[in-house]
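# Following is a predicted model, sequence given first.
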Amino acid sequence: MFPSAPAPAPAPALALLALLALPGGGLAGPAPGQLNANVGNLPVLKKMQIVGGMAADIKEFGHQVSWLRAGRHMCGGSIISPEYIISAAHCCVELNLTISEIVAGSTIIPNRGRGQVVQIAEVHAHPDFEPLSYSNDIAVLKVAPPFKFDETVRPIAVMDTNITLHTGDPVYVTGWGKLSEFSSTAASILQKVKVQMKDFETCKQRYGEIPMVLTDTTFCAAADGKDACQGDSGGPLIYKTPEKDYLLGIVSSGKGCAVKEFPGLYTDLRNEKMRNFVTKVTGMKL
Ligand SMILES: *[C@@H]1O[C@H](CO)[C@@H](O)[C@H](O)[C@H]1NC(C)=O
Ligand SMILES: *[C@@H]1O[C@H](CO)[C@@H](O)[C@H](O)[C@H]1NC(C)=O
């Protein structure tokens, strides 16, 4: 989302996508080779936020984490194993691991002692992340120490590709996005919002007018007649079945929620290239 650019004029969205190279040595933390060199080409943009959601309990979304930067919520993420989180490549902008932390198991952020706090040991942003189209907007983070799973901290299964989704199917987005827009001292409660899968071709056509060329690593979702549309960047979009929840998408991008014909954009975890990347980094078979 580009919440600071609600104007319907066609130019603003892309103006916010201007590239900014990281200052030399901007990546601190892991040994050389663990970080992807492409991280230096990521764009600067406003973080996406939940609008019009409702309060949620972390027990219902135990996979949800907050990625803090200097104690402030910066991005969301999803736990897929004791050691790995899925987030967005564009969250790796101006990464500084010495001031980054991952918080799991806390409904409230900043956590002030609640939940589990772990460090980021490795960052793998997808090498093909494309800042103009937001294609391949995925990052896998390795954390240390590993999470201890309990009723508030647990992994989520990556989407089962055998399940067929249809336009209009309900999906859920969660996050603390509002916090990034306001005071760092104000605590924020996890928000959830129900949105619907949107027809990709229609969505792609709309974005083509900006112009922004969507690719098949992206899908579109939004809520009809509401301005609720997004969770915070890097966070989960999940698909619920009676048996279990699945991580279907990563909150990625989009043009202002208020602009009805522009749904939110999510990295598609049904996409083979995205799945192969997760498998390559984590060794997990999806
Ligand atoms: C990362 O953050 C630390 C602590 O604030 C700071 O000392 C260091 O200069 C930062 N590194 C970069 C490259 O900005
Ligand atoms: C998907 O379907 C195939 C073929 O029916 C089956 O072998 C496989 O186990 C299914 N995968 C999952 C994750 O259920």
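Great, that's in hand. Numbering: from 1, shown residues only. Ligands and ions are numbered 1, 2, ... in the order given.
# now the closest residue to Ala157 other than its chain neighbours: how far from ligand 1?
Leaving aside its chain neighbours, Ala157 sits nearest to Tyr246 (5.4 Å; criterion: CB to CB, 6 or more residues apart in numbering). Bear in mind the C-beta positions are built from the backbone N, C-alpha and C, glycine included. From Tyr246 across to ligand 1, the span is 36 Å (CB to the nearest ligand atom, to the nearest Å).
# Which neighbouring elements make contact with whatever helix or strand Tyr246 lives in?
Per DSSP states H and E: Tyr246 is located in strand 245-253. Strand 245-253 is packed against strand 72-79, strand 84-87, strand 157-158, strand 170-175, strand 218-222, strand 236-240, strand 264-268, with contacts defined by 3 or more CB pairs under 8 Å, 6 or more residues apart in numbering; DSSP states H and E.
# which other residues reach stretch 208-222?
Here stretch 208-222 makes contact (CB atoms under 8 Å, 6 or more residues apart in numbering) with 10, 13-14, 130, 132-138, 171, 173, 195-200, 203-204, 207, 229, 237, 249, 252, 255, 257, 260, 263-268, 271, 273-274.
# Surely Arg163 forms part of a strand?
If you look again at residue 163, you'll see it is Ile, not Arg. No. Counting by DSSP: H, G, I helix; E, B strand; the rest coil, Ile163 is not found in a strand; it is coil.
# re the thing from before, would you mind putting the helices and strands packed on strand 245-253 into JSON lines with mean pLDDT and mean neighbour count alongside?
Compiled in JSON lines, these are given as follows (pLDDT from 0 to 100; neighbours: other CB atoms under 10 Å):
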{"stretch": "strand 72-79", "mean pLDDT": "93", "mean neighbour count": "26"}
{"stretch": "strand 84-87", "mean pLDDT": "98", "mean neighbour count": "27"}
{"stretch": "strand 157-158", "mean pLDDT": "98", "mean neighbour count": "16"}
{"stretch": "strand 170-175", "mean pLDDT": "92", "mean neighbour count": "24"}
{"stretch": "strand 218-222", "mean pLDDT": "93", "mean neighbour count": "27"}
{"stretch": "strand 236-240", "mean pLDDT": "97", "mean neighbour count": "23"}
{"stretch": "strand 264-268", "mean pLDDT": "94", "mean neighbour count": "29"}
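# for Thr215, phi and psi?
Listed backbone geometry of Thr215 is phi -120, psi 180, with angles given as degrees, to the nearest 10.
# And for Lys273, the neighbour number?
Neighbours of Lys273 under the rule other CB atoms under 10 Å: 15.
# Tell me, how many residues neighbour the nearest residue to it once chain neighbours are set aside?
Excluding its sequence neighbours, the residue lying closest to Lys273 (CB to CB, 6+ apart) is Thr217, at 6.3 Å. Thr217: 27 surrounding residues under other CB under 10 Å.
# Next up, the contacts around the residue nearest to Ala157.
Taking CB under 8 Å, 6+ apart, we find Tyr246 in contact with Ile156, Ala157, Val158, Met159, Asp160, Ile163, Ile238, Tyr239, Lys240.
# before we move on, back to that, and the helices and strands packed on strand 245-253: which comes nearest Leu286?
Set against Leu286 and scored by CB to CB, those come closest in strand 157-158, at 4.7 Å.
# What strands line up against that closest one, and which way round?
strand 245-253 (parallel) (DSSP bridges).
# Got the phi and psi for Gly168?
phi 100, psi -10.
# buried residues in stretch 143-159?
Val143, Phe147, Phe149, Thr152, Val153, Pro155, Ile156, Val158, Met159 (16 or more other CB atoms under 10 Å).
# Need the nearest residue in space to whichever residue of the stretch 101-250 of the chain sits closest to ligand 1, chain neighbours excluded.
Residue nearest to ligand 1 within the stretch 101-250 of the chain: Glu101 (12.2 Å; CB to the nearest ligand atom). Excluding the flanking residues, the one nearest Glu101 by CB to CB, 6+ apart is Leu68, at 4.6 Å.
# What number of residues are in the vicinity of whichever residue of the stretch 51-200 of the chain sits closest to ligand 1?
Using CB to the nearest ligand atom, Asn96 is the residue of the stretch 51-200 of the chain that sits closest to ligand 1, at 3.7 Å. Counted by other CB under 10 Å, the residues lying close to Asn96 total 13.
# wait, what's in contact with Ile58?
By CB under 8 Å, 6+ apart, Ile58 lies in contact with Gln64, Gly105, Ser106, Thr107, Gly115, Thr152, Leu190.
# Shouldn't Arg275 be within a helix?
Yes. Assessed with three-state DSSP, Arg275 lies in a helix.
# No further questions, thank you.
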